[in-house]
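A.B. asks: here is my input; please provide its structure:
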Amino acid sequence: MSLKFDFNGLFDFNVGKNHGVTERELKDYSKDAQGAFDHLSKLFADKEARIRLSLEWFNLPRQDAKLISEIQKFGADIAKKYENVLFLGIGGSFLGLKAAQDALLSPYHNDFAGARKKRPRVYFEGNNLDPETLSVLLSNLNPKKTFVVCISKSGETSETKAAFEITLNWLKKGAGKNYGRQVFAITDPKSGTLRKKVNEANGKDGLSFRSLPLLEGVGGRFSEFNMGLLHLAIIGIKIKDVLSGAGAMAKRCMKADIKRNPAFMYALLHTILYKEKGMDIAVLMPFSEQLKSTADWYIQLLAESTGKKFERKVIFESGVEKWVNGENILNTGRTPVAARGTNDLHSIQQNNIEGENNKVLTFIKINKFKNDVKVPDTKDFLAGKKYSVLLSVAQEGTEWALTRENRPNCTITMPEINAFSWGELLFFFEMATAYEGELLNINAFNQPGVESYKNYMYYKLKKPGLKPEVAKEIESNSVQKKRKFLL
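C.D. replies: Numbers count the residues shown, from 1 in each chain. Now for the predicted structure:
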């Protein structure tokens, strides 16, 4: 069974014409929608265009079966040999892996041997510069029983680079001269400081610093089905099942008829609500603890993809399509918020119901859980009720309460959380985000705004090779600190 989508709560007949989409508005946007679909379809069909414009993620469900089998086997070998695996990465190099781990493994995987099923404990670092977490983790792990995977395209991102150097030093001291055989890199196949480090070490010892490539034309937030494959293999998930789910969703989301294309419909409805009704906050609320990290992954996907300053200008040079910044400043993009039911019904939900009506909620509902518990006979209204039933009623109640207050909402239903359906879910959001970028006429596949804080750090830390214009900009635009406002 595949994912199902209920968009009724986004329309005027449920939440009023001031807050919901009307049939007329849907028709008025049909021409723009058709243009967006045709443009993306054309690019998806052109391999060179996919790579040039960072759209190659669309092809990830159709990877080489032999390569997938090799990664699956290698991951299983690591799992048998090591008690712990430490992944270092930030952004897309972390969030997708964490989402997979929390969704597809048993809760409390690292805490209980029975939950791990003879698989290693898996930890994530290199995603923050908080000194507490990494120091505590390394002081409690045995370096001889720990395998380290570093994921970074360039090897220069400060958070991951610093954690990698500290971890390598820890391994070298604790695991001996062959410590490099416990190190794996997923990085650019040709360039970057991490690739250089890999090539040097691997050239001396073919079993040290082994690696897999980050594919060209695949941006970090769209790369779980590339950089996350080894992680899936190590934790015991069948990669082909995840990719099969993604592939099935790809077919659904390439239908020209918007009423048969859930990602296209999702993007169009949310774009209308954003542009015409002022709905600029997107709340993703899975009714599942296991999908909270998937909601966190979506935060990066939507924020980095659609939060853009400039409109996109399409130009052609020698018949080749390229994207550059246009003259118009848009400062566009919805703000995503991750929540989960039922926990956050006792926090953010008060604002959702009675605060400013500028939010659209997307629920993720699960039909069947692997494990369920029943309330004992307590002689009250909860007696004999399964948790899954209580959770379902809570989701229905949340939908009703929002609709009653004219708050737009929609629901994605998963038959159960497994590798196939999770692959479907991620690819759905990737496709919906790509369509939304087209409808907003922006480049949804770059992230220039992320570079500013990095450049400031490089300047302050005196990184060699910093462009003079970057230093000049920082020196000419200092943050003012008036004494009277320092309390």
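A.B. asks: care to break this protein down by domain?
C.D. replies: The chain breaks down by automatic domain parsing into domains covering 4-56+241-440, 57-239, 448-481.
A.B. asks: quote the end-to-end distance of the first one.
C.D. replies: End-to-end distance for domain 4-56+241-440: 26 Å, by Cα to Cα, to the nearest Å.
A.B. asks: how deep is residue 217 tucked in, by neighbour count?
C.D. replies: 19 (other Cβ atoms under 10 Å). Just so you know, the C-beta spots here come from the backbone N, C-alpha and C atoms, and that holds for glycine as well.
A.B. asks: what's the answer for residue 48, then?
C.D. replies: 11.
A.B. asks: which of the helices or strands spans residue 303?
C.D. replies: Using DSSP states H and E, the element containing residue 303 is helix 292-306.
A.B. asks: residue 397 and residue 404: what is the separation?
C.D. replies: From residue 397 across to residue 404, the span is 10 Å (Cβ to Cβ, to the nearest Å).
A.B. asks: scratch that, residue 307
C.D. replies: Computed as Cβ to Cβ, the residue 307 to residue 404 distance reads 31 Å.
A.B. asks: who has more neighbours, these two?
C.D. replies: The neighbour comparison of residue 307 against residue 404 (other Cβ under 10 Å) goes to residue 307, with 17 against 11.
A.B. asks: hmm, the more buried one is touching residue 450, no?
C.D. replies: No. Counting by Cβ atoms under 8 Å, residue 307 stays clear of residue 450, with 10.0 Å between them.
A.B. asks: which strands and helices sit next to the longest helix anywhere in the chain?
C.D. replies: Taking DSSP state H as the criterion, the chain has its longest helix at helix 419-440. Packed against helix 419-440 by the contact rule (3 or more Cβ pairs under 8 Å, 6 or more residues apart in numbering; DSSP states H and E) you find helix 30-44, helix 92-104, helix 224-227, helix 239-252, helix 262-277, helix 292-306, strand 409-416.
A.B. asks: at 7 Å what do you get?
C.D. replies: Counting contacts by 3 or more Cβ pairs under 7 Å, 6 or more residues apart in numbering; DSSP states H and E, helix 419-440 packs against helix 30-44, helix 92-104, helix 239-252, helix 262-277, helix 292-306, strand 409-416.
A.B. asks: packing partners of the helix or strand just after that helix?
C.D. replies: Once the chain leaves helix 419-440, the next helix or strand it forms, by DSSP H and E, is helix 451-460. The contact analysis (3+ Cβ pairs under 7 Å, 6+ apart) places helix 451-460 against helix 468-476.
A.B. asks: buried residues, the helix it packs on. List them.
C.D. replies: 470, 474 (16 or more other Cβ atoms under 10 Å).
A.B. asks: from residue 21, how far off is residue 239?
C.D. replies: For residue 239, the distance to residue 21 - Cβ to Cβ - is 38 Å.
A.B. asks: which residues touch residue 143?
C.D. replies: 170, 171, 174, 175 (Cβ atoms under 7 Å, 6 or more residues apart in numbering).
A.B. asks: relative to residue 329, which of these is nearest.
C.D. replies: Distance to residue 329 across the contacts of residue 143 (Cβ to Cβ) is lowest for residue 170, with 46.7 Å.
A.B. asks: thought that closest one was touching residue 139?
C.D. replies: No. Using Cβ atoms under 7 Å, residue 170 makes no contact with residue 139, being 9.1 Å away.
A.B. asks: and the two? which has more neighbours close in?
C.D. replies: Between residue 170 and residue 139, residue 170 has the larger neighbour count (other Cβ under 10 Å), namely 21 against 8.
A.B. asks: the closest residue to that one other than its chain neighbours: how many residues sit nearby?
C.D. replies: Of all residues not flanking residue 170 in the chain, residue 138 sits nearest, at 5.0 Å (Cβ to Cβ, 6 or more residues apart in numbering). By the criterion of other Cβ under 10 Å, residue 138 has 20 neighbours.
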